[in-house]
Structure formats: structure tokens, C-alpha cells
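Asker: I'll drop the sequence and a predicted model, then ask my questions.
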Amino acid sequence: MARNRAILCGALAWIVFAGQADAACCYFSAKNTDILQPAQKVFITWDPAEKQETFTVQPKFEGNALDFGMVIPTPAVPKLHEMPREFFKHLAVYSILKKREFPRSELLPPLIDVDGPLFLLADRADTGSRLAKVAKKSSVVVLQSGVVGSLDYKTIVADRADDLYQWLKEHKYNYSGDEATLNHYIQKKWFFTVMKIDTAQMKRNKDGSYAGEVTPTRFAFPSDKLVYPLKITQISVKDKTEALFYVQAPHKVDLPGDMTYQYSWVPMLQSAMGCTPDGLPGKGVHWLKAIEGNIPVLLARAKELGFNFVSGQRPQPNQKGHIPTTMEWARKLTADDIKVLKGEGPFSEKVPNVDEGFSKADLKDPARAEAIYKVIRARLEKSRKERPFGYLVREAPADDVRDLRFLAGHLQAGLFITKFRKIFARDEMNDDLLLVPARHNGQDDISEYEEILPTSPP
């Protein structure tokens, strides 16, 4: 019965949307030109002991401005560093979900290779002070300037939103938002990093507009809380924007309140229950047991919000246009994970080739064929005893695997990386985003997600 149930289980992994992602910044451009920000990815590292936050952003843009800028607010004066151009591609390759595979023989007669657990799995691949002494002489003060990658930048501070608004205009840029948004950050005594973009280096569309991605840039600054500048994003979007977060911290990270990914994560785990003979992978069963008494309340709240989980499908918006957050990958990194980055450890497990040394031509002689079948069956049996639940496999081009070395130094053993996606509606961007430890009903969520979860049929 258990084996039949496993065969009926399908694979569960969210279909990743291409392109759309959130912003830590907004764009501003010359008058009578237009720039939109359809995409951005962010990698955040949080050190709560040192009160230090870094985030790397790579915005995508499209529009008809010949040159334009972007402004990124931070709670302290940041230090800027250029990051590898394809940093987020490397992260995407590193976080490819694994799938379980078992040795298969192409030479055994039909119906021979049927023992052992089977799974129907789908492929898929100090500077933080305000410097008030300087600010007394002028409301807008340039604190630092320089070049990071191909981007010129200035970090400025202001006491009045109208002064900052005027400063942007005097520098031949028309800030597309209102003074109220700027004042939101001025009242919090935040700082603004302004970066100029040269579209001559970007792709030009047939209609004369430009599209491209900005050089990934890392911002490092002291902060009392793990915060992400979300409110300013409203300026560069129409009705919604999509965020792809990679957060590295001593603990698993979640979004607060009803933005939590637990509304989709818990149903995913429940759907996978009973589909794997060894139980849920990545401490999933431990998480469900830890919050067992509160799961009905959690799911009732999800239903109240209009968040309906359908196995194998991306969440749909509720009547307000809100979509639940989805977790896409999570793991507490080990020393072996870091070895993968350095090329000192395997990117994927390898499924043994039980047919090795034999070919179809060897089967023409019936007596020899039977001897070969015996060897293959012995290999299959040996493999299934050693790895009764299969091998965890993922695939990527060899060059992409080698390029994971660019992540070395950025990813750290002992820290948790949580990758999750959230589509924000405009009314969900009225304040900045405070990221919180993944916890529910007083229990810490330490469950991991690095392999495709099997699911029961609907």
C-alpha cells in the first residue's frame, strides 16, 4: 500500500516566474521621459550580533530615458562594493531543487526493475551616524561619492523633503514620486544613495526604448533591525511588483504577519505527507509536529484571507489582489556546501550506472544474457540497500557549476539561506519591510527545502 501511494505522488515545486521582482529603490529620469522597474533581485546578509546588514541588489529597468538615476534609502551611510555581474545567476544555479532518482537498467527485460521504492518525480531542472555637524550648514549634503562598477554614485542626507526634491531637479532629474515618500525616509533620518545609469551600455529595443539590468551592487551598513526599503518601490510600479529574496542569517527568515510564507509552506508539507517512505525531508515532519495544535488556526486564517492552496500550482490572488509568499529554497549551510562552491565537493549526487560494462550486443547469446541480468540485478539490489530512498540529483551546465566559485566568500557555513518570493500589491508597500525570524506560535521553523516534494493527487 505504501509503495502504491508513493507511485501516485507527483512532484511539487513552484513554477518560477521569469523576470518580475521587487525593488529596494526607485528610478528618476529627465523630464518627459519614463523609466519603470519591472524586476529586481536582492541578496541580504544579516548579522544580529554585530547589528550589520548588507544587501546586494540588481534592478532591471525599461524606458525611454537616455540617462537616468536610481535612489536607494538606507538607515545608515552605506559602504558600496561591486559584485560579480552574474551573481544572481550563480545563486539561482546553487539553489536548484534536487530530485530523487534511482538506478535504472536499459538492458533488463520489462517488468524486472520493479522492486524498491518508486517516486514519480518531475524533472526541473561607522559610517552609520547622521553627521549632524555638516547638515547644519545645508539641508542637502553630499556625504560620499565614487564609482562602483559602471555606476557613479553619491550618498546624500537632507533635513527637508522639499530640499531633496529640489536637489534632484537641479541635477536635471525629475523625481517621479512625491515629497511625502521622500519625507518618510527623512523623518526616519535615513540616507539616500543616488546612482546614475548610462543606457548606452544597455540593450535598445526597436521602439527606441532601453531595457537591461544594472550592475549588482552591495550596500553594507549598520542597522538595529533587518529592514528592507519597500515603500519607495511604490513610485516605480503600477499596480504590483514581484520580489525574489535570498536572505542569509543565523536563522531561517520570514516576512511578518499575513505576508508569511507559512500559508503556502505548511500545505505543501501536508500534501507531501505519506508520499515518502522515510518521511518528509529537511525536518519537514518536525515542523508540522511542532505546530500541530496551531495548524487549524493557521489554515483557517489563510482561508479567511482568500489564500487557497492547490497542489502543484502557483498561488492565485485573493479579492484584494494579494498573493501569499512562497518559499523556493531553504537550507542551513554546512562546510560541505561551501566545498561545492570551491569545486571541492560534488554539485549533485551521481546515480550508479548498473549497466556499466555491458551493451545490447552482449545479450544476443541467451546464456551470456542471463549471466549479465544476474550481475545487473545484484547491482540494483546493492544500490537499493545502500540508498533505499534514492540519490539526490540536480543538473546544470558544467560552466555554470564552475562559476559557483564567485559565490565563495559570500555564502557562509553555519548560516541559513532562505529563498522566497512575494508579489506585492501597491497597498502592501505603504511601509518598509521588516524581515523576521521564521517562527510560528512560539516555535522556530528550522525546516529545509532543497528537494522537490512529492504530493498526493488532488
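Answerer: Structure's in. What do you need?
Asker: any idea how far Leu363 lies from Ser383?
Answerer: Going from Leu363 to Ser383 by C-beta to C-beta, to the nearest Å gives 21 Å. Yep, even glycine has a C-beta here, placed from its N, CA and C like the rest.
Asker: Check Asp258 too.
Answerer: For Asp258, the distance to Ser383 (C-beta to C-beta) stands at 46 Å.
Asker: Give me the more crowded residue out of those two.
Answerer: A side-by-side neighbour count of Asp258 and Ser383, using other C-beta atoms under 10 Å, places Ser383 first with 18 against 15.
Asker: Locate the residue of the protein with the greatest distance from its centre.
Answerer: Distance from the C-alpha centroid of the chain, by C-alpha atoms, centre = their mean, peaks at Ala367 (55.3 Å).
Asker: And the helix or strand where it lies, how far out from the chain middle?
Answerer: Per DSSP states H and E, Ala367 falls inside helix 366-386. Here helix 366-386 is found 43 Å from its chain centre; the criterion is C-alpha atoms, centre = their mean, to the nearest Å.
Asker: before we move on, what about stretch 144-164?
Answerer: 28 Å.
Asker: Stretch 319-335 now?
Answerer: Using C-alpha atoms, centre = their mean, the mean C-alpha position of stretch 319-335 is found 7 Å from that of the whole chain.
Asker: Is Ala290 in contact with Gln443, as I believe?
Answerer: Yes - using C-beta atoms under 8 Å, Ala290 is in contact with Gln443, at 4.3 Å.
Asker: Between those two, which has more neighbouring residues?
Answerer: Comparing Ala290 with Gln443 by neighbour count (other C-beta under 10 Å), the higher total belongs to Ala290, at 18 against 15.
Asker: can you tell me how far that one sits from Pro109?
Answerer: In this view, Ala290 and Pro109 are 48 Å apart by C-beta to C-beta.
Asker: Then Ala413?
Answerer: Ala413 is 47 Å from Pro109, where distance means C-beta to C-beta.
Asker: Over to Met259?
Answerer: Relative to Pro109, and taking C-beta to C-beta, Met259 is found at 55 Å.
Asker: Settle it for me: which of these two has more neighbours?
Answerer: When Met259 and Pro109 are compared for neighbours, Met259 comes out ahead with 18 against 10, by other C-beta under 10 Å.
Asker: what about the residue nearest to that one when sequence neighbours are not counted, neighbour count?
Answerer: The shortest distance from Met259 to any non-neighbouring residue, by C-beta to C-beta, 6 or more residues apart in numbering, is to Thr325 (5.6 Å). By the criterion of other C-beta under 10 Å, Thr325 has 23 neighbours.
Asker: go on, Arg85?
Answerer: Counted with other C-beta under 10 Å, Arg85 comes out at 14.
Asker: Now do the same contact list for it.
Answerer: Shown in contact with Arg85 (C-beta atoms under 8 Å, 6 or more residues apart in numbering): Thr215, Pro216.
Asker: Under the pLDDT cut-off, which ranges of this protein? List them.
Answerer: Applying pLDDT under 70 to the chain flags residues 1-40, 59-69, 111-138, 172-178, 197-214, 276-278, 456-458.
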